[in-house]
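Undergrad: 3D, please:
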Amino acid sequence: MDSLESLVNVVHCIMCQSSVAPVYCKVCHIQLCKDCLEKHTSESSKVHSVEQLEQHSASLNSPCDRSLMTVPLVITCIYTGYDPFYGVACLNDSEVWTCGWDNQMKLYNLQGELLKSIQTQSGHKPRHIAVTRSGELVYTDHKNGTVNIVKNTQIETVIELQEWKPLNVCFTSSGDLLVVMDVDDKQSKIVRYSGFTEKQSIQYNEKGQPLFSPGGDKYISENRNLDICVSDCGADKVVVVNQAGSLRFTYTGHPLPSDRSFNPCGITTDSLSRILTADDEHHCIHILDQDGEFLRFIHNCGLEEPWGLCLDTRDNLFVAEWGTGKVKKIQYYN
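TA: Numbering: from 1, shown residues only. Reported below is the predicted structural model:
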């Protein structure tokens, strides 16, 4: 069998965030180093069940065997210093772009090393970030109504809006750019750009009613079946339309033991066309199938106010935590 490092990079302790973790608590679904294990198991309110992490991860030898695993595992934790922290986008399987409540966009590797920092052209904080298929960073500037692309160290404005302001963006499988935008918290819509030229606008359903709430943040992702998925924070729901812009379904959450409402934030889709959306109120990720049926939660792995989401090419999930400033890389399995 391959070594644990070669299977899942280096798995760090959830409690101290620094030491390598050789054991796993099956009750709390967290990995622990030897020093933190004693403290964790001394908690008298729970009966813990601890095993070697190699046992827990044994089925990772084969991609097919990963389907047997159902417990999410935090592999890597990177501290960015953002407060709050809300944006993450994979450049590749070993580097991620991040953004938060300042005007710097930072590139980190999985060892937590800062590789590059880019300041926005206007000095405003970026509203959202994405990465093109060729690896260029794109960001929205809500205050001045622009979408910008970073080429090496040069920033070029590729879309300049007048009344409308860009919120969040994603690139489609065909290379088009989808932009969610609003105007004075009164209207919201999606605009598709091809070569940064407007190609399609999606705003109303077949009855002429708005598809999206007028205010609040919105995140966007294209699914493998070409559906467009939007987490509408202002309406506490996920809205999914097909490629033509017709409403397919809405998702308003799954019952949880809490009186707090569903609060969707970041959204992404995986290789099996499943939809993942962050719920910062309940510190979890909701997983839906492509038709909006709830499948399960990602929780019990130390998530705190999950916000921005992205996936690498292996379906590893990267989560930006709003209040902690941490990026967590999670294997949630297929």
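Undergrad: CA only for contacts and neighbour counts going forward, please
TA: OK.
Undergrad: residue ranges with poor pLDDT in the stretch 101-250 of the chain?
TA: Counting by pLDDT under 70, the stretch 101-250 of the chain contains no low-confidence segment.
Undergrad: what separates stretch 141-157 from the chain centre, distance-wise?
TA: In terms of Cα atoms, centre = their mean, to the nearest Å, the gap separating the centre of stretch 141-157 from the centre of its chain is 21 Å.
Undergrad: Only the buried residues of that stretch, if you could.
TA: Residues of stretch 141-157 classed as buried: 141-142, 144-150, 155 (neighbour count, 16 or more other Cα atoms under 10 Å).
Undergrad: closest to Ser221 among those residues?
TA: Val147 (16.7 Å; Cα to Cα).
Undergrad: List the beta-bridge partners for the residue lying closest to the closest one once chain neighbours are set aside.
TA: Leaving aside its chain neighbours, Val147 sits nearest to Thr140 (4.5 Å; criterion: Cα to Cα, 6 or more residues apart in numbering). Under DSSP bridges, the beta-bridge partners of Thr140 are His128, Val147.
Undergrad: hang on, isn't Thr140 packed against Ile155?
TA: No. Applying Cα atoms under 8 Å, one finds Thr140 not in contact with Ile155, separated by 11.8 Å.
Undergrad: any shared contact partners between these two?
TA: Residues touching both Thr140 and Ile155 by Cα atoms under 8 Å, 6 or more residues apart in numbering: Asn148.
Undergrad: on that earlier part again, what's near enough to touch the residue nearest to Val147?
TA: In this structure, Thr140 makes contact with 126-129, 146-148, 166-169, judged by Cα under 8 Å, 6+ apart.
Undergrad: Export the buried residues of stretch 141-157 as TSV, with columns for distance to Tyr108.
TA: Shown next, in TSV, are those (distance: Cα to Cα, whole Å):
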residue	distance to Tyr108
Asp141	22
His142	24
Asn144	27
Gly145	27
Thr146	25
Val147	23
Asn148	20
Ile149	19
Val150	16
Ile155	20
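Undergrad: And for Gln121, the neighbour number?
TA: When neighbours are counted by other Cα atoms under 10 Å, Gln121 registers 16.
Undergrad: again, but for the one 4 residues further on
TA: One way to gauge burial is a neighbour count; for Lys125, by other Cα under 10 Å, it gives 21.
Undergrad: Could you verify my assumption that it touches Gly87?
TA: No. If you go by Cα under 8 Å, Lys125 and Gly87 don't touch, sitting 11.2 Å apart.
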